[in-house]
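1. Predicted model and sequence below, questions to follow.
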Amino acid sequence: MTAAGFGAGRAGSIGAIVLAAGEGRRFGQPKAFITVDGGWLVRRAIEAAAAGGLRPIVVVLGAGKEDRVPAFASIGFDGLRAVVNPDSPAGAATSLRAGVQAMGTDVDAAVILLADQPDVSGEAVRAVTAAFHAGAGPIVQASYGGVPSHPTLLARTIWPEVMQLTGDEGARQLIRMHPEWRHTVEVGGQPPMDIDTPADLTRWNAGAQDATER
């Protein structure tokens, strides 16, 4: 499989899969639902997806979070919906598969975003989708000063392989298996920070405050 022609001339849309099923053991609670800027942390990823023109936006929640699903209907983003992955304790790959299964038949690719990376921007999303439309793929990943990170686009052509993934890795596992499929797009800046612990959130809040004051 080569990269040429994956996105060129495609008329279908590009959706988003926001992975928000983690139990947040190191944080002490599910990270997707901690409060930042007056809303859930997961909202940052949703906003990046919407700013990047992605539709649908599917948020994958973990087992036992069925009561959270109705709240996403009221957030107000076009094409946003939440699904519950009952197999989430088996690892992140199951949530990626659940997100792929929730994509519509007219979707040519899905951009993967993580609920605990609040710094991913709509500009980075647009960079990877533009590269896909120009023919890059089947995996397109943002690069920050040469360091690949999310957002990561997966073309529909490789979704059958995605559906075979297992364990606690998603796109990273697929890239390791097929490094020749990955095309990186340099977007500049620092790689998005992962909020894994309360100390991470404190550091992120301090950085956000510094940026506001500058």
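-> Happy to help now that I have it.

2. how about low-confidence regions in this protein?
-> Within the chain, the stretches with pLDDT under 70 are 1-12, 208-214.

3. What number of residues are in the vicinity of residue 117?
-> 21 (other CB atoms under 10 Å). Any C-beta I mention is one placed from the backbone N, CA and C, and that applies to glycine too.

4. and the residue nearest to it when sequence neighbours are not counted, what is it in contact with?
-> Distances taken as CB to CB, 6 or more residues apart in numbering put residue 192 closest to residue 117, at 4.1 Å, once the chain neighbours are dropped. Residue 192 makes contacts with 117, 118, 119, 120, 144, 149, 150, as judged by CB atoms under 8 Å, 6 or more residues apart in numbering.

5. switch the cut-off to 10 Å
-> 44-45, 48, 113-114, 116-121, 124, 142, 144, 149-151 (CB atoms under 10 Å, 6 or more residues apart in numbering).

6. Let me know whether my guess that it is in a strand holds.
-> No - counting by DSSP: H, G, I helix; E, B strand; the rest coil, residue 192 is not found in a strand; it is coil.

7. Report the distance from stretch 50-70 to the chain centre.
-> Centroid separation for stretch 50-70 versus its chain: 11 Å, with CA atoms, centre = their mean, to the nearest Å.

8. May I see the buried residues of that stretch?
-> 50, 52, 54-62, 65, 68 (16 or more other CB atoms under 10 Å).

9. Sitting in helices, which of the residues you listed do you find?
-> If you go by DSSP state H, the buried residues of stretch 50-70 have residue 50 in helices.

10. how about a markdown table for the buried residues of stretch 50-70, with distance to residue 164 added?
-> Listed next are those as a markdown table, based on distance: CB to CB, whole Å:
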| residue | distance to residue 164 |
| --- | --- |
| 50 | 30 |
| 52 | 27 |
| 54 | 24 |
| 55 | 26 |
| 56 | 23 |
| 57 | 25 |
| 58 | 20 |
| 59 | 23 |
| 60 | 18 |
| 61 | 23 |
| 62 | 21 |
| 65 | 25 |
| 68 | 28 |
